[in-house]
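S.K.: Attaching a predicted model along with its sequence, questions to come.
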Amino acid sequence: QVQVVESGGGFVQAGGSLRLSCLASGSIFSVGAMEWHRQAPGKSRELVAGIRTSGSTNYADSVKGRATISRDYAKNTVYLQMNDLKIEDTAVYYCASAIKLQASRPWNVYWGQGTQVTVSP
């Protein structure tokens, strides 16, 4: 069984910073790409940032220059450092991890339950 668990959300004032963490655990053979997505009230879920096993990264235009995604390969953990937070960053942030349970099994994407980030004026 695999668990993907986010942490680090909370309340922050505009201009502040937060660091989100996401841990993939369980009977895992390999973790591939890891991503952060977010969903604001009344909006569809959107990709915020992703990082591949090579270390290459990509970011949504809305967070470029303010967000940094990184990962700890040994801990199957991905982080999202968000700086200069804006009110429009308010959303539930979800982690998605591509995971193989065994070498012969295909990759599947596992999602966490999300962590709320609320940015106040």
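M.R.: All right, it came through fine. Just so you know, these numbers come straight off a predicted model, no measurement behind them. Numbering: from 1, shown residues only.
S.K.: Show me what the residue positioned nearest the centre of the chain is bridged to.
M.R.: What sits nearest the mean C-alpha location of the chain, by C-alpha atoms, centre = their mean, is residue 36, with 2.7 Å. Following DSSP bridges, residue 36 is listed with bridge partners residue 49, residue 95.
S.K.: thinking it is in contact with residue 97, fair?
M.R.: No - between residue 36 and residue 97 there is no contact under C-beta atoms under 8 Å: 10.5 Å. For the C-beta atoms, the positions are set from N, CA and C on the backbone; glycine is no exception.
S.K.: ok, the residue nearest to the centre of the chain - contacts?
M.R.: 20, 22, 47-50, 69, 78, 80, 93-96 (C-beta atoms under 8 Å, 6 or more residues apart in numbering).
S.K.: which among these gets closest to residue 40?
M.R.: Closest approach to residue 40 among the contacts of residue 36 (C-beta to C-beta): residue 93, at 10.2 Å.
S.K.: Can you report how many residues neighbour the closest residue to that closest one other than its chain neighbours?
M.R.: Leaving out its chain neighbours, the residue that sits closest to residue 93 by C-beta to C-beta, 6 or more residues apart in numbering is residue 38, at 4.8 Å. Residue 38 is flanked by 24 other residues according to other C-beta atoms under 10 Å.
S.K.: rewinding a little: buried members of the contacts of residue 36 into PyMOL, please.
M.R.: Those of those that count as buried under 16 or more other C-beta atoms under 10 Å are selected in PyMOL with:
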select buried, resi 20+22+48+49+50+69+78+80+93+94+95+96
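S.K.: follow-up on the earlier one: what about the residue nearest to residue 93, which SS state?
M.R.: State at residue 38, reduced to three classes by DSSP: H, G, I helix; E, B strand; the rest coil: strand.
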